[in-house]
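>>> Here you go, sequence then predicted model.
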There are 4 protein chains.
Amino acid sequence: MRQDTAASFEPRKSPVQARSAATVEAIQEATIQVLLNGGAERLTTTRVAARAGASVGTLYQYYPNKQALLFAVLERHLSNVSGAVEAACEHSRGKPLAQLAKHVVEAFVDAKMRRTDVSQALYLIAAGIDGPALVRRASLRSRKAMETAMRSAPDAANAPEAFMVQIMFGAMAGATKSVLEAGASPAMVRKLRHHLVLLCQSYLEAGTHLTSPARQGP
Amino acid sequence: MRQDTAASFEPRKSPVQARSAATVEAIQEATIQVLLNGGAERLTTTRVAARAGASVGTLYQYYPNKQALLFAVLERHLSNVSGAVEAACEHSRGKPLAQLAKHVVEAFVDAKMRRTDVSQALYLIAAGIDGPALVRRASLRSRKAMETAMRSAPDAANAPEAFMVQIMFGAMAGATKSVLEAGASPAMVRKLRHHLVLLCQSYLEAGTHLTSPARQGP
Amino acid sequence: MRQDTAASFEPRKSPVQARSAATVEAIQEATIQVLLNGGAERLTTTRVAARAGASVGTLYQYYPNKQALLFAVLERHLSNVSGAVEAACEHSRGKPLAQLAKHVVEAFVDAKMRRTDVSQALYLIAAGIDGPALVRRASLRSRKAMETAMRSAPDAANAPEAFMVQIMFGAMAGATKSVLEAGASPAMVRKLRHHLVLLCQSYLEAGTHLTSPARQGP
Amino acid sequence: MRQDTAASFEPRKSPVQARSAATVEAIQEATIQVLLNGGAERLTTTRVAARAGASVGTLYQYYPNKQALLFAVLERHLSNVSGAVEAACEHSRGKPLAQLAKHVVEAFVDAKMRRTDVSQALYLIAAGIDGPALVRRASLRSRKAMETAMRSAPDAANAPEAFMVQIMFGAMAGATKSVLEAGASPAMVRKLRHHLVLLCQSYLEAGTHLTSPARQGP
DNA sequence: CATGAATGAGGTTTCATTCAT
DNA sequence: TATGAATGAAACCTCATTCAT
């Protein structure tokens, strides 16, 4: 990864033909696999290509450099998760805050845990150059969606400030990561799902009361 | 980092002399600095040594290899944080759960944010080989301390299961990271501190009710 | 030679120690040798290093990239030649044009032919990126020296325009190259020397008459 | 250019059909263009093909490898020039030496400067493997033609030795190259033409007197 | 003990060439 | 016949690590 110049990280050509699509898919999958048994340190373009059953040259026909490959893999995953969150927000339009939170949390956990191996692998590259930027962008996207949805809630008056949403998503990500690192058995994942709903709901309620001083008492 | 064998990652010699201690300190600090302006990609032993005002050879007298250096830096930080949490637990022995939570959260945030640059830098290497292992171990240490402290609380009957503690620490770490990535201005940090207390307390309370159904006395 | 950015082509470190100086010398010489039996196409940094009895790494401690190495070798030679021409101009200050021309031509041929192998080799890289620029600069330096010397000649009134000097040096270079390609036996070199003096002197005289119309006849 | 075996560099098929001829022409032209804006370093078969509006496969149907392509382009140019010189010699049969020289020089300059871009581009590959051989062969062809023509001159008695012809052509090539590198504006080219005639004529005359000592008779 | 030149395995990337479509 | 995806050898260059000074 010698590449420093702000070269284009865009994929080189879109795989229009069926075979190409399969190759690209294989390369992405191989990237995950290589990452999972060797870490970022052992991730070389040659190894990825070999694992994908292709040659390095082929890899470089679809990605201009190693960074671009990692970007693509990371982005796909983040986009899946953000997309799921956005969809949940959409579906929960007009629902009370507690329910919105529930749907969002469940969508987040489900999307993240659909492929625990992928999620696990991505932590290994997320720290890489500009990985953080991608992550931040994806996170922002989710947060915006949630903030919008919150404004449409019947109890929107109690809607928490943006900061709380940030904390909430940070907490979700952190707790999920912790479970992932502990093995992420299906049972644990179910439990995580349940507890994160609890955590977010109680936090939102507590935070809301905090912000709206008049606690409507008699 | 060609190193594969599970070589000893222990520092080579303990810096008994004053000069050695200063050198070691300079090298650790240089590591952070290099990390902060170049990322993990640009972190080379030569560069670190140069920044520390030493030569590569000197660096290799204190650390058997690059990994060992990164380990040492990471461990020191994690140990600081775990230590702070442990101390807070110690001090809160016999206090009610809510107060314990408050002390622990504040200790965590304070320790983590004492040097935001260091925390930021460490995310860049935490993903490296066996970085996760270190992190997991440190996290475990904190959790154990908290679980022990909880059992000494007057309302220990309501003490949550271990899983909740895991979630709590995961959430704390995630939210903190999120703030760190957003710039971590002092004002934000203060807010984070406050909100995390809120989050943990309300989560613990909600979770407790959940687990111990018998609380609804007559 | 992937390098495109206008990176510094300056040597990386000046060889202050004796051993370093020897290494640098060996690398330069090896470059010539590799060039001579394989052409520019076969010139790889690895091969050069091997021939110099060093490792690639060592080569790259003295030259930041392949271009820089070729530059250094080319420049040294061109500088030798330009230097010789300048010295000849200096020594011929105040002498008539014909004698100046003689000295310059002889200095040029002698300098160029001191190491016919080097001269031969350099044609192979002179065409490379920015080689032409170097050559042009060196040529200019020689031409300026000659023009200056000409103005100090007793028959300076007949001094030819700058264009003629350009042509003269171009012709010298071309004829020399032709002899070099034909083998450059000592006998041929002697003949070349003699003929180039003749060529330049007669050209200057003819050209001068051309420019200064009044041929001072009785 | 991995090719080592002295494989045939002959074009693969003669373009008998009109379409083929057009393709070949386009490829040759594209080679020049690519060479002119990227240098030899950037000359890849794919790029040439793309610029010619064809595919690599097509290129390889006309040339067995990259070398063959470069050969063909270089040879065509050299052949043009040699041909022009030969024609001039033919036309000047029986004319005095001075006039022969004039015609030859003018033919050379005109042929070389008909497409300054092509001439410029070719310097970039002439150094390549066996480029020198081609150049030498072409030069020899011109020289032979001139020597033959000289023997038919009325003042053939004064005809210079072969070496002088070699020097003459070398000088012409060198001076022309120098002008080319300086930009080769039409005005400069005209001047070059004029001066080279002068240079060759005066050299021939001076050299002739030199060789035939018997001229000083009463 | 400190230094920093030397080493060389190995990583990234290019590009001439082939061949199935 | 034309195409252009695939191939993989080989080039350039870096950097962890050692060791003579």
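Thanks, I have it.
>>> Please, which helix or strand holds the residue nearest to the spatial centre of chain A?
Note on chain A: the residue nearest the mean C-alpha position is residue A:78, at 3.6 Å, using Cα atoms, centre = their mean. In the assignment (DSSP states H and E), residue A:78 maps to helix A:66-91.
>>> Only the buried residues of that helix, if you could.
For helix A:66-91, burial by neighbour count (16 or more other Cβ atoms under 10 Å in any protein chain shown) applies to A:66-75, A:77-78, A:80-86, A:88-89. Where you see a C-beta, it was placed from the backbone N, CA and C, and this is true even at glycine.
>>> helices or strands up against the helix or strand hosting residue A:60?
For residue A:60, the host element (DSSP H and E) is helix A:56-62. Counting by 3 or more Cβ pairs under 8 Å, 6 or more residues apart in numbering or on different chains; DSSP states H and E, the packing neighbours recorded for helix A:56-62 are helix A:18-36, helix A:45-51.
>>> Could you identify which of these has the lowest mean pLDDT?
Summarising mean pLDDT across those, the least confident stretch is helix A:18-36, with a mean of 88.
>>> For the closest residue to residue A:127 other than its chain neighbours, the count of nearby residues, please.
Among residues not flanking residue A:127 along the chain, residue B:127 sits closest, at 4.6 Å (Cβ to Cβ, 6 or more residues apart in numbering or on different chains). When neighbours are defined as other Cβ atoms under 10 Å in any protein chain shown, residue B:127 has 21 of them.
>>> And the pLDDT at residue B:127?
Per-residue pLDDT puts residue B:127 at 88.
>>> Next, the contact list for it, please.
Residue B:127 makes contact with A:39-40, A:123-127 under the criterion Cβ atoms under 8 Å, 6 or more residues apart in numbering or on different chains.
>>> Those: which two are farthest apart?
In the contacts of residue B:127, two members sit farther apart than any others by Cβ to Cβ. They are A:39 and A:126, at 12.9 Å.
>>> wait, what's in contact with the closest residue to residue A:149 other than its chain neighbours?
Counting by Cβ to Cβ, 6+ apart, residue A:149 lies nearest to residue A:89, which is 3.9 Å off, once chain neighbours are set aside. The neighbours of residue A:89, taking Cβ under 8 Å, 6+ apart as the test, are A:100, A:103-104, A:145-146, A:148-149.
>>> Please check the residues you listed and keep the buried ones.
Those of the contacts of residue A:89 that meet the buried threshold are A:100, A:103-104, A:145-146, A:149, by 16+ other Cβ under 10 Å.
>>> one step back: taking the mean pLDDT, what do you get for the helix holding residue A:78?
Averaging pLDDT along helix A:66-91 gives 96.
>>> mind checking how far the helix or strand of chain A with the lowest mean pLDDT is from the chain centre?
Across the helices and strands of chain A, mean pLDDT, DSSP states H and E gives its lowest value to helix A:18-36, namely a mean of 88. If you compare the mean C-alpha spot of helix A:18-36 with that of the full chain, they lie 19 Å apart, counting by Cα atoms, centre = their mean, to the nearest Å.
>>> what does stretch A:32-47 give?
For stretch A:32-47, the distance from its own C-alpha centre to the chain's C-alpha centre is 20 Å (Cα atoms, centre = their mean).
>>> The residue of chain A at minimum distance from DNA strand F: how many residues sit nearby?
Among all residues of chain A, residue A:57 sits closest to DNA strand F, at 1.9 Å; criterion: Cβ to the nearest atom of the strand. Applying the criterion other Cβ under 10 Å, we find 8 residues in the vicinity of residue A:57.
>>> That one and chain C: what is the separation?
Taking Cβ to the nearest Cβ, to the nearest Å as the measure, residue A:57 falls 16 Å from chain C.
>>> What of residue A:146?
For residue A:146, the distance to chain C (Cβ to the nearest Cβ) stands at 44 Å.
>>> Without its sequence neighbours, what residue ends up closest to residue A:95?
Nearest residue to residue A:95 in three dimensions, chain neighbours excluded: residue A:153, at 6.6 Å (Cβ to Cβ, 6+ apart).
>>> does that neighbour really touch residue A:146, like I thought?
No - with contact defined as Cβ atoms under 8 Å, residue A:153 and residue A:146 do not form a contacting pair (10.7 Å).
>>> what do the two both touch?
Between them, residue A:153 and residue A:146 share the neighbouring residues residue A:100, with contact defined by Cβ under 8 Å, 6+ apart.
>>> Quick one: residues contacting the residue lying closest to residue A:200 once chain neighbours are set aside.
The shortest distance from residue A:200 to any residue that is not its chain neighbour, by Cβ to Cβ, 6+ apart, is 4.6 Å, and that residue is residue A:101. With Cβ under 8 Å, 6+ apart as the criterion, the residues that contact residue A:101 are A:168, A:197, A:200-201, A:204.
>>> Show only the entries of those found in helices.
When DSSP state H defines the helices, the subset of the contacts of residue A:101 inside them is A:168, A:197, A:200-201, A:204.
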